[in-house]
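1. the following block contains a protein sequence and its predicted model.
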Amino acid sequence: MSKFELYNVVLKDLNIETRVYEYKLDDAYFKKIDSPEVQKGNVKAIVKAQKKNQYFELEFSLEGIVLVPCDRCLDDMEQAISYKEKLQVKFGNKFSEEDEIVIVPEADGAINVAWFLYEFIVLNIPMKHVHAPGECNKTMVTKLKRHITKSKDDNDTELEIEDEDDFATDDNQIDPRWEGLQNIIDNN
């Protein structure tokens, strides 16, 4: 038995009715996927399969949370997942993905959706993920403060921080090696 056999959606005997598959994507699922982006979570996935004229339509609905590292303090944080997607599937000679259509071997008569579910989850995670203000690991924020320098004309920082005074340096002087570069920027 394959570790992802549970995620097979059988298409060959699908008629005009809609078949619904429900999956609970928990820590065990993410461990089986063995990919670095997401390793823990609890997502409810519903896949509706329906036969159309020339193809099959799979409608995915994902709701839940995954744990991802905070970009600021590196502690795990909960990221909400809410996503809907449709996928068109056709039978062919061998498995391939062409534009918006997935082709599966007609001899198999099924498509395994385990990896598609994971891809949809990962694509739903924002590029930047940080804790809500005040929820970051205080020890890590303290260490981070020691490594951030601000220039005298810098009004915005790369980090969205809950208290900008926490990240101000003791003295607002610029390293003399960088002052020459600052003059170049100011003259342009």
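-> Done, it's in. Numbering: from 1, shown residues only.

2. tell me the buried residues in the strand with the most length in the chain?
-> In the chain, with assignment by DSSP state E, the single longest strand is strand 76-92. Using 16 or more other CB atoms under 10 Å as the test for burial, strand 76-92 gives 77, 79, 81, 83, 87, 89-91. Using the backbone N, CA and C atoms, a C-beta is placed for each residue, glycine as well.

3. ok, of these, which one's closest to Val68?
-> Nearest to Val68 out of these is Gln79 (CB to CB; 5.1 Å).

4. related to what we said a few turns ago, quick one: average confidence on the helix or strand following the longest strand of the chain?
-> Next along the chain after strand 76-92, taking DSSP states H and E as the criterion, comes strand 96-98. Averaging pLDDT along strand 96-98 gives 85.

5. distance between the ends of stretch 18-33?
-> 28 Å (CA to CA, to the nearest Å).

6. can you tell me what sits against that stretch?
-> 3-4, 6-7, 9, 38-50, 62, 64, 66, 113-115, 117-118, 121 (CB atoms under 8 Å, 6 or more residues apart in numbering).

7. just to revisit the earlier point, turn the buried residues of strand 76-92 into TSV, columns for pLDDT.
-> TSV is the format used below for these (pLDDT from 0 to 100):
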residue	pLDDT
Met77	93
Gln79	93
Ile81	94
Tyr83	95
Leu87	93
Val89	93
Lys90	92
Phe91	90
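
8. thanks a lot, see you next time.
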